[in-house]
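Engineer: what's the 3D shape of this:
(3 chains)
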Amino acid sequence: MRNEPTPQQIAEEKIYRTFGLNDEEYARILELMGRQPNYVETGIYSVMWSEHCSYKSSRPVLKKFPTSGPHVLQGPGENAGIIDIGDNLAVSFKIESHNHPSAIEPYQGAATGVGGIIRDVFTMGARPIALLNSLRFGSIEGDGAENVRNRYLFGNVVAGIAGYGNCIGIPTVGGEVVFDERYTHNPLVNAMCVGIMTHDEIAKGFASGVGNPVLAVGARTGRDGIHGATFASTEDPHSKERSAVQVGDPFMEKLLLEACLELIATGEVVGIQDMGAAGLTSSSSEMAARAGSGIELDMLKVPRREEGMTSYELMLSESQERMLVVMKKGREHIAEEILSKWGLEAAVIGRVTDDGMLRLKEGDETVCEINVSTLVDDAPVYHRPSARPAYLDETLAFDPAAVAVPSDLTETLHQLLRTPTIASKEYVYQQYDYMVRTSTIVRPGSDAAVVSIRGTRKALAMSTDGNGRYVYLNPRVGGQHTIAESARNLVCSGAKPLAVTDCLNYSSPEKPEIFYQFEESCAGISEACVALGTPVISGNVSLYNQTNDIDIYPTPIIGMVGLIEDTDHITTQEFKGAGHPVLLVGPQTTGAIGGSEYLKVVHGKVAGDAPALDLTVEKALQDAVLTAIQSGLVLAAHDLAEGGLAVALAESAIGGKLGATINFASGQRLDEALFGEAGSRIVIEADQANLDALERIFNENGVPFAVIGETGGDRLTIKINGEAAIDEAVEHLEATWRGAIPCLMK
Amino acid sequence: MRFAVLVFPGSNCDIDAVKAVEDVLGEPVDSVWHTETDLSQYDCVIVPGGFSYGDYLRSGAVASLSPVMGAVKEHAAAGKLVIGICNGFQILTETGLLPGVLRHNDHLQFRCEISELRVENTDTAFTNDYEKGQVIRIPIAHGEGNYFADQATIDQLKANNQIVFTYHGTNPNGSIENIAGICNEQGNVLGMMPHPERAVHELLGSADGKAMFTSIFRTWGEKHGA
Amino acid sequence: MMIAKIHVTLKGSVLDPQGTTITKSLNSLGYDEVRDVRIGKYMEVKIDTTDRKIAEERVTEMCEKLLANTVIEKYEFELVEA
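Structural biologist: Numbering: from 1, shown residues only, chains lettered A, B, ... in the order given. As a prediction, the model looks like this:
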């Protein structure tokens, strides 16, 4: 007999609290069930009602995102969203966090994060074609114990992403890495996957058709990761049961991927869903809830890795590389044949019913009976109190006059290029196979990655972006920035931005000032999505990223996908040739240095307002630059981001191994003009002969611009009002920029 | 001319190899599952890159015991062409069709980049469209590409002119004698860590791999009077 | 001088992808009696001490700190005179 508490013990000894259910939630379960839940049922409610699965704190806010558009085929609510890109082709993508597992076991945490997001995309019927990731760590500079640990986390997270993505054969084409003390105890690991399919290949997570067989497919169920979903929703992962760590098997997933796509292509699949967080529990109840049906499973038939596993363990296990599949009745042998060809198992474990219940049996004995809609639709919703954080008064009061303009601005540029957030990430991406599938046209290290679509002249541009510091300093505008910058990155590559997936990483929503950050930044994201015409089609929320009262910066990460109509339009950031005019397009003044990387790195301050951003100007800028690129008038385009104009010019010069002489007039402080980070600005290189045509496009769109210099030589020289502010050999800038991270990781 | 691209569980560059043959030569090419035991209809067999069987235990070890590898040995013994790329090279050394082993990169990390190779031997069926000493740009993507063999084997490779490609400039993995690719004594079996199938379009960053496919086709044509 | 002979393996309930794949391969080669394979690492650490108790403490510490990832791995060792 299994040694599980009785329903009465669970109630009287308040054992439900150890599952993460509070007294009100338990009372609500009693009301919904009309009886005391047993151990399995309590476990199932606890994971389905966890923040991770139910979005109970975030749902009211997420509802406000714009999620529709003429090209949206599937918005949020499925395993991943889908957009139409014409030619009967559709693109599915999603981003997801694996922060808490990565803090405990960085290699496996990151690897299984990649595995999970890949499954989310191929369950939609899409062939995964690219991976991206967005990472945050504490500082890797210095010899303190924390710095050493941060280097360990950074090195192993990257190795884990590489280990999984390389083995499964999906190129990791882009992403970003940011280092800041705020992430020391709570690194962020957000992984994004993009897949492609034809419209008729779209599959969904529906358990419909009474009597249809339900199959467990792929890896066997083991005891790993039990309560991972609730674990992701609580503070301080370190104190939790360590068996919650899962080990990924990319080889198994490669087989599962090929088998599932082959299976979906037969047209005999009714519904399919990844057994991700909360495993069999969430996959079965969500599939039934979407279809308005019920599911009955015989737990004795679930293939398992270990003897003696209980129904509770089978339902809550988060073993990786498993899928739940509903086949058409009488067609289960097709699944078995295809899976067996790939050396995998497909076991019929139950059937679809029409009574709306999730019923679990062990042979003839019923061990769990829960109304599915109470798990999914009746999950608690919390309207958390929100309060403007007190720190904002202090940070907004910052006066730039309090910091001095550095005397040697060339050295300041070196300092910025050396800072790990700005320095070359070659150390990272040279560990990723970014070329497999032979479609990667713009490789990592650019504003956006570009992947071609075989058989067409089209290509997809994709990027991940986020700036937690901006959001911290001004949640509303910071939220707008994340969308604006992502879209700007895509435009610089020649793409029209199409849609957004978001990964919202915050501290505890139970703190009113954190909830304020969350609410405000999501409002900013919504405003920018509306302004730029990029709806949110999928996403994920990761809360409770805090340790010992240190909250991470509110860090919404935006994954965005755009369409390049013709591979001839693909544009990159590096300078292409000598003697070409360099233009600064967009507002010519930068605003203050508040929130900038410069202020943080050089003056050690995180203060001021987030850089200025006007969404109308942003939209006009992006339209104008995209039109210019599509008209073949732009040789290179580079978004201005961390480090402002000076760093953008340095990066274009380093990439092209070509200098430039820049000279412009400015009424601003030199550091503001060089390193300020106001939005809506792009540097472009163009042919002299095309200047008139460019001017026409910019004027038509009402976008300010100026020719600020010319490419050529082997030095980057920046003069302001005729005075040399920065003058340095490009190869010296390159050595600083390229050498920084390898030097720290030695 | 007919090509076979082998597919093992965990192969992931098989499609890229098929596309390269189609795009560069337009000749017929089939994906062949690892359980196949007859390769007699093929003129050239490509053992593609990837992570066959997850590279568990040792890279290439489990795949080398597959049924299809028996057929590959017969194919090679008949003097027909075999190319192993990346994981395919590892499989060929595990099978014994090529000497030596591929160890973990000396820096212990996976390395993906476009590397420069020097074509050392242009007398093979795979390289006769290159110039001797030509430096070409071909991508690498591997964690275990550090070629090693004992001194006697190295001496033999040199004596028989079996070293086909070496890394030019930086050696990305610590391989002995900067070896990037070798052939067998007869010259009809080639193994290389770099991926020529990834370098067949300028858009991909290099088209230097095309000459390898055209060499193979030319050799076959000369032999068959096509 | 002593030698610590250390075995590091994945904990019992942790998935061992390599072991699972090798089990299947051995089965397919006809070794039907093979039920499970677990893969681990074997290390020999030479220690400059003759005090068994101290060596035991130190090796335990080495395993905890570096040689095993105790989040997912377990270790055992024996000490022999070199």
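Engineer: Show the contacting residues for residue A:271.
Structural biologist: Contacts of residue A:271 were listed using C-beta atoms under 8 Å, 6 or more residues apart in numbering or on different chains, and they are A:203, A:204, A:205, A:206, A:207, A:208, A:287, A:290, A:291, A:325, A:326. Bear in mind the C-beta positions are built from the backbone N, C-alpha and C, glycine included.
Engineer: With adjacent residues omitted, what lies nearest to the first one?
Structural biologist: In this case it means residue A:203. On the basis of C-beta to C-beta, 6 or more residues apart in numbering or on different chains, the spatially nearest residue to residue A:203 that is not a chain neighbour turns out to be residue A:125, at 3.8 Å.
Engineer: which intervals of chain A have sub-threshold pLDDT?
Structural biologist: Within chain A, the ranges that satisfy pLDDT under 70 run A:1-2, A:227-244.
Engineer: can you do 80?
Structural biologist: Across chain A, the ranges flagged by pLDDT under 80 are A:1-3, A:224-245, A:590-592.
Engineer: Counting by contacts, list what the helix or strand containing residue A:728 packs against.
Structural biologist: Counting by DSSP states H and E, the element that carries residue A:728 is strand A:723-729. Contact analysis of strand A:723-729 by 3 or more C-beta pairs under 8 Å, 6 or more residues apart in numbering or on different chains; DSSP states H and E lists helix A:409-418, helix A:670-675, strand A:715-720 as its packing neighbours.
Engineer: Tell me which residues of it come out buried.
Structural biologist: The neighbour-count check on strand A:723-729 (16 or more other C-beta atoms under 10 Å in any protein chain shown) flags A:725, A:726, A:728 as buried.
Engineer: What's opposite the second one in the beta bridge?
Structural biologist: With DSSP bridges as the criterion, the beta-bridge partners of residue A:726 are residue A:718.
Engineer: if we can go back for a sec, which SSE is immediately downstream of the strand holding residue A:728?
Structural biologist: From strand A:723-729 onward toward the C-terminus, using DSSP H and E, the following helix or strand is helix A:730-745.
Engineer: Give me the contacts around that following helix.
Structural biologist: A:140-141, A:151, A:154-155, A:413-414, A:417-420, A:422-428, A:650-651, A:653-654, A:657-659, A:714-716.
Engineer: Is residue B:218 in contact with residue B:126, as I believe?
Structural biologist: No: assessed by C-beta atoms under 8 Å, residue B:218 is found out of contact with residue B:126, at 10.5 Å.
Engineer: out of these two, which sits in the busier spot?
Structural biologist: Between residue B:218 and residue B:126, counting by other C-beta atoms under 10 Å in any protein chain shown, residue B:126 is the more crowded of the two (28 against 15).
Engineer: ok, that one to chain C distance?
Structural biologist: From residue B:126 over to chain C the distance is 31 Å, taken as C-beta to the nearest C-beta, to the nearest Å.
Engineer: tell me the contacts of the closest residue to that residue other than its chain neighbours?
Structural biologist: If you skip the residues right next to it in sequence, residue B:126 has residue B:190 as its closest partner in space, 4.9 Å away by C-beta to C-beta, 6+ apart. With contact set as C-beta under 8 Å, 6+ apart, residue B:190 has these partners: B:81, B:82, B:83, B:84, B:124, B:126, B:164, B:181, B:182, B:183.
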